[in-house]
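> here's a sequence, model it:
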Amino acid sequence: MLKAIVILTVMLAGNPAHSACDSTTCIPLGNDLSMKICVEYQAVQYEFKLNYIQDSSGLFWKMDVSTFKQIQSGAGSCIHVENDLAIKMCCVNYFDYNYSFILNYMPYPQDPTGLYWKMDAATFVATPGDPLFAFQWHLFNTGQTAFSQSAGTPGEDLRMTQAIVDKLSGLGVIVAVLDTGLEIAHEDLSGNVIPNGSYNYVNQTTDPTSTAMNGDHGTSVAGIIAAMSMNGKGGRGVAPRASLKGFNVLEAQTSLAYIESMGGHPRSKDVDIFNMSYGESSTGYIGLSPSDIERYKSTSKLRGGKGGIYVKSAGNGFDYINIGTEEVPNYYICAKQSYGRSDLTCQNAAADEQKSRPEVITVGAFNAAGVKSSYSTAGSALWISAPGGEYGKDSPAIITTDQSGCDKGYSRTNLPNPNNSFETGDPTYNPNCNYTSTMNGTSSAAPNTSGAIALLLQTNPNLNRRDVKHILAKTARKIDPNSPGSKVTVNIDGVDYEASQGWITNAAGYNFHNWYGFGAVNVDAAVAMAKTYQAGTTLPELQDRTYGSAFATPVVIPDNNASGVLSTLDVPEDLTIENLFVQLTIEHPNTAEIGIEITSPQGTRSILLNIRSAVKTGLNKVNGVVLGSNAFYGEKSKGTWTLKVLDSVKESTGALKLFKLRILGY
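Now for the predicted structure:
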């Protein structure tokens with residue numbers, strides 16, 4: 001039922017010529033999608049009711065033969081039917097919108113004696129509609145190709161059919177796009193952009209519209225969050241009436257720009273959700289400065305003390321990272337190192353301290369087939385995953401807004417080697433090149449999550465950021481349940497070592513995966529939970545505890561040894577864990593050889609840093625580096641925790657010098 005309602009509510013696809021019909025009377029569609037119609041066949045008029053039949057192969061209606069009767073009506077008032085019994089529905093009204101389509105008469109194998117008609121989806125027209133919604137698999141995956149060469153898997157999306165039917169839109173929620181820019185006059189964004197609410201940190205104006213010619217990342221991100229709906233243009237965002245602000249921090253690249261745009265200036269203090277679809281590539285650990293940490297701590301005052309919500313992309317470094325620039329790339333490919341592996345994540349999300357911050361929701365990406373996007377960075381710091389797609393050539397990417405006009409943007413007429421015809425100004429769907437079908441990356445997964453959170457805040461504005469994270473974790477969908485590619489065993493000096501686990505279930509019953517966090521965002525389930533959620537009181541006051549210290553004598557890490565070195569910590573307090581951080585110092589000439597994992601008193605094992613990664617340096621800070629894991633969410637803290645550090649390559653040795661455990665819980 002919901003599948004059909006979603007299509008009838010927002011889809012506009014096919015040839016508008018089919019909208020012509022022989023009646024001007026609009027037929028009302030019932031809540032159960034039934035309709036009462038009258039047809040004229042061979043100069044005789046008949047009236048009957050069509051009942052909607054749910055079927056995965058299409059949209060079917062069955063005649064209720066008990067309602068069939070011959071009538072006498074005025075000439076031209078019934079739908080004329082030819083010998084093929086096809087019914088041209090000229091106007092069907094549902095949820096204040098009008099639709100037209102053709103119903104083709106055909107046998108129904110499950111009921112050979114019944115009379116059935118199937119909608120010809122190619123003839124469907126909605127007014128005003130969103131012409132590209134039919135291709136936006138991330139919102140409603142019916143197996144579309146989205147202009148690529150292969151189809152997705154039905155159902156592998158945000159699971160938001162009920163939200164669309166209920167017309168949830170993110171109204172009243174403000175989302176800031178911290179990025180390269182935001183085209184504030186774009187035809188599918190302008191109605192949601194707060195006038196004078198954005199800021200350009202390059203020219204100090206309130207217009208962050210990019211001057212780039214080859215695409216504006218921020219404009220495409222904004223469209224995923226809040227492209228307008230039912231305006232006859234483009235597609236729609238996850239939260240099509242959320243309000244937008246744009247801050248071009250990636251163009252400015254100054255500390256002041258980041259501070260001001262993250263809630264540290266009046267222009268950003270009213271923001272609810274901060275979308276951060278960017279990251280840093282490095283062959284070393286990426287830490288935060290003391291001022292960065294204080295900046296995050298201060299954000300608890302935003303939203304009237306409920307805390308700003310920061311949504312961060314996990315990264316696109318599963319296979320390689322670019323340690324050069326966009327103009328002059330320099331790719332570090334882990335698999336090409338002498339000890340490299342192609343089945344382990346090269347970049348690790350936990351090796352970037354920002355992605356482990358308790359204020360941040362770190363998001364991985366999955367594709368239209370419902371498995372990890374090929375590029376999506378893995379790590380124990382992930383909280384959730386959302387649609388990111390692939391590249392739009394062999395398989396679907398994300399359809400969203402692009403810079404306006406065919407002279408610039410990701411889609412443009414002079415584009416060399418386009419991934420598909422949509423990108424060069426498809427005359428039917430993208431004649432003005434205002435949209436792109438090749439947006440991807442965890443840069444797409446993050447705004448899909450930001451849009452989903454906007455719907456939660458519209459549903460329950462009292463949710464604080466801990467509530468939001470809890471609801472996302474509690475309702476996440478266990479995507480790619482078998483995920484065979486994620487279970488990786490590496491032989492280290494004759495001993496098999498499990499270097500990547502796949503799905504685990506912790507002692508509190510939460511599923512967790514270093515590829516997906518708690519799983520895929522499930523909008524409808526999250527909204528249902530938010531409706532009755534007791535905001536601010538369900539989760540008790542948070543306690544912050546740290547245990548452990550530096551070692552009097554460094555502990556040697558055996559070279560090329562799967563057993564590694566173990567260190568234990570006894571935690572006396574029985575807190576329910578909300579966030580867990582391992583703080584450690586390791587001296588080693590090449591920490592890419594190192595693997596780090598921790599096991600809870602209940603036996604849950606979390607790999608914090610996988611072996612054979614790109615993290616070659618930076619773990620030797622005197623006061624330790626922070627590696628976060630969300631795998632212990634909901635578990636109890638009391639008991640003995642075991643840290644394991646191992647060296648996976650016969651090359652050089654190192655030592656563990658500090659081990660601390662920080663637990664946020666209640």
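> and Thr553, which of the three is it?
Look at Thr553: counting by DSSP: H, G, I helix; E, B strand; the rest coil, its state is strand.
> neighbours around it, how many?
Counted by other Cβ atoms under 10 Å, the residues lying close to Thr553 total 7. Heads up, the C-betas are built off the backbone N, CA and C, glycines and all.
> kindly state the pLDDT recorded for it?
At Thr553 the predicted local distance difference test score is 96.
> how close does it get to Lys657?
Taking Cβ to Cβ, to the nearest Å as the measure, Thr553 and Lys657 are separated by 9 Å.
> between these two, which contacts overlap?
Listed as contacting both Thr553 and Lys657 by Cβ atoms under 8 Å, 6 or more residues apart in numbering is no residue at all.
> just the helices in the stretch 451-600 of the chain please.
With helices called from DSSP state H, counting those that start in this stretch, the stretch 451-600 of the chain shows them at 465-475, 523-532.
> of all these, which lies closest to Asp179?
Across these, the minimum distance to Asp179, taken as Cβ to Cβ, is reached by helix 465-475, at 20.9 Å.
> where's Leu158 relative to Thr142, distance?
Look at Leu158 and Thr142: by Cβ to Cβ, they are 13 Å apart.
> now the spatially most central residue of the chain, which residues is it bridged with?
What sits nearest the mean C-alpha location of the chain, by Cα atoms, centre = their mean, is Ala386, with 2.5 Å. For Ala386, the residues forming beta bridges with it (DSSP bridges) are Ala365.
> look up how far Ala349 lies from it.
Following Cβ to Cβ, the distance that separates Ala386 from Ala349 is 14 Å.
> quick check: which ranges of the stretch 551-666 of the chain have low pLDDT?
In the predicted model, the stretch 551-666 of the chain carries no residue with pLDDT under 70.
> again, but for the stretch 151-300 of the chain
Along the stretch 151-300 of the chain, the model assigns pLDDT under 70 to no residue.
> export stretch 320-328 as PDB, just CAs?
Provided in PDB are the C-alpha atoms of stretch 320-328 (Å, rounded to 0.1, in the frame of the first residue of the first chain):
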ATOM      1  CA  TYR A 320      43.000   4.900  -1.400                       C
ATOM      2  CA  ILE A 321      43.400   8.400  -0.200                       C
ATOM      3  CA  ASN A 322      44.500  11.600  -2.000                       C
ATOM      4  CA  ILE A 323      47.400  13.100  -0.100                       C
ATOM      5  CA  GLY A 324      47.900  15.700  -2.800                       C
ATOM      6  CA  THR A 325      45.400  18.300  -3.900                       C
ATOM      7  CA  GLU A 326      42.300  18.200  -6.100                       C
ATOM      8  CA  GLU A 327      44.300  19.900  -8.900                       C
ATOM      9  CA  VAL A 328      47.400  17.800  -8.400                       C
END
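> tell me where the protein has helices.
All helices of the chain, identified by DSSP state H, fall at 2-10, 161-165, 217-226, 249-252, 255-259, 290-298, 302-305, 353-356, 442-459, 465-475, 523-532.
> check the offset of the longest one from the chain's centre.
Translated: helix 442-459. Its chain's C-alpha centre lies 7 Å from the corresponding centre of helix 442-459 when counted by Cα atoms, centre = their mean, to the nearest Å.
> just checking, what packs against it?
Judged by 3 or more Cβ pairs under 8 Å, 6 or more residues apart in numbering; DSSP states H and E, the packing partners of helix 442-459 are strand 174-178, helix 217-226, strand 273-276, strand 309-313, strand 360-366, strand 384-387, helix 465-475, helix 523-532.
> can you list the buried residues in it?
Within helix 442-459, the residues that count as buried by 16 or more other Cβ atoms under 10 Å are 442-459.
> same deal with stretch 475-485?
Across stretch 475-485, burial judged by 16+ other Cβ under 10 Å covers Thr475, Ala476, Arg477, Lys478, Ile479, Asp480, Ser483.
> check contacts around the third one.
Contacts here follow Cβ under 8 Å, 6+ apart; on that basis Arg477 touches Arg159, Gly519, Ala520, Val521, Asn522, Ala525.
> 10 Å instead?
Under the criterion of Cβ atoms under 10 Å, 6 or more residues apart in numbering, the contact list for Arg477 reads 155-156, 158-159, 370, 384-385, 511, 516, 518-522, 525.
> among those residues, which one lies nearest to Asn330?
The nearest one, if we look at the contacts of Arg477 relative to Asn330 and count by Cβ to Cβ, is Ser385, at 28.5 Å.
> confidence score at the closest one?
In the prediction, the pLDDT value recorded for Ser385 is 98.
> pretty sure it contacts His513?
Yes - with contact defined as Cβ atoms under 10 Å, Ser385 counts as touching His513 (8.5 Å).
> mutual contacts of those two, please.
Joint contacts of Ser385 and His513 (Cβ under 10 Å, 6+ apart) are Gly364, Lys372, Ile479, Asp480, Gly519.
> make TSV from those residues and add pLDDT to it.
Output for the shared contacts of Ser385 and His513, formatted as TSV (pLDDT from 0 to 100):
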residue	pLDDT
Gly364	98
Lys372	98
Ile479	98
Asp480	98
Gly519	98
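> out of those, which sit inside strands?
Restricting the shared contacts of Ser385 and His513 to those inside strands, with DSSP state E as the criterion, leaves Gly364.
> of the buried residues of stretch 475-485, which is the nearest to Arg662?
Each of the buried residues of stretch 475-485 was scored against Arg662 by Cβ to Cβ, and Ala476 proved nearest at 24.2 Å.
> and the closest residue to that closest one other than its chain neighbours, how close does it get to Pro387?
The shortest distance from Ala476 to any residue other than its chain neighbours is 3.4 Å, reached at Gly519 (Cβ to Cβ, 6 or more residues apart in numbering). The gap separating Gly519 from Pro387 is 13 Å, by Cβ to Cβ.
> next: Thr283.
Applying Cβ to Cβ to Thr283 and Pro387 gives a distance of 29 Å.
> count the residues that sit near Cys433.
24.
> separation between it and Met439?
Distance from Cys433 to Met439, by Cβ to Cβ: 14 Å.
> so what sits against both of those two?
Asp402, Tyr410.
> residues in contact with Ile399?
Remark: with contacts taken as Cβ under 10 Å, 6+ apart, Ile399 is in contact with 132-139, 144, 146-147, 220, 223-224, 227, 234-235, 389, 392, 422, 429-430, 435-439.
> ok, back up a step: for the shared contacts of Ser385 and His513, which one is nearest Asp64?
Within the set of these, Ile479 lies nearest Asp64; the separation is 39.5 Å, counting by Cβ to Cβ.
> that closest one contacts His513, correct?
Yes - at 8.5 Å, Ile479 counts as touching His513 under the criterion of Cβ under 10 Å.
> return every residue with contacts to both of these two.
When contacts are counted by Cβ under 10 Å, 6+ apart, the set common to Ile479 and His513 consists of Gly364, Lys372, Ser385, Trp503, Gly519.
> now tabulate the residues you listed in CSV and tack on neighbour count and distance to Glu294.
Compiled in CSV, the shared contacts of Ile479 and His513 are given as follows (neighbours: other Cβ atoms under 10 Å; distance: Cβ to Cβ, whole Å):
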residue, neighbour count, distance to Glu294
Gly364, 33, 28
Lys372, 25, 34
Ser385, 31, 30
Trp503, 19, 36
Gly519, 23, 32
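> about what we covered before: could you dump the helices of the chain into TSV and include distance to Val490?
Formatted as TSV, the entries for the helices of the chain read as follows, by distance: least, Cβ to Cβ, whole Å:
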stretch	distance to Val490
helix 2-10	43
helix 161-165	42
helix 217-226	36
helix 249-252	37
helix 255-259	38
helix 290-298	34
helix 302-305	44
helix 353-356	24
helix 442-459	25
helix 465-475	30
helix 523-532	36
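> buried deepest among those, which one?
helix 217-226 (a mean of 31; mean count of other Cβ atoms under 10 Å).
> for the nearest residue to Ile557 once chain neighbours are set aside, give its distance to Val582.
Counting by Cβ to Cβ, 6+ apart, Ile557 lies nearest to Gly654, which is 4.8 Å off, once chain neighbours are set aside. Relative to Val582, Gly654 is positioned 17 Å away (Cβ to Cβ).
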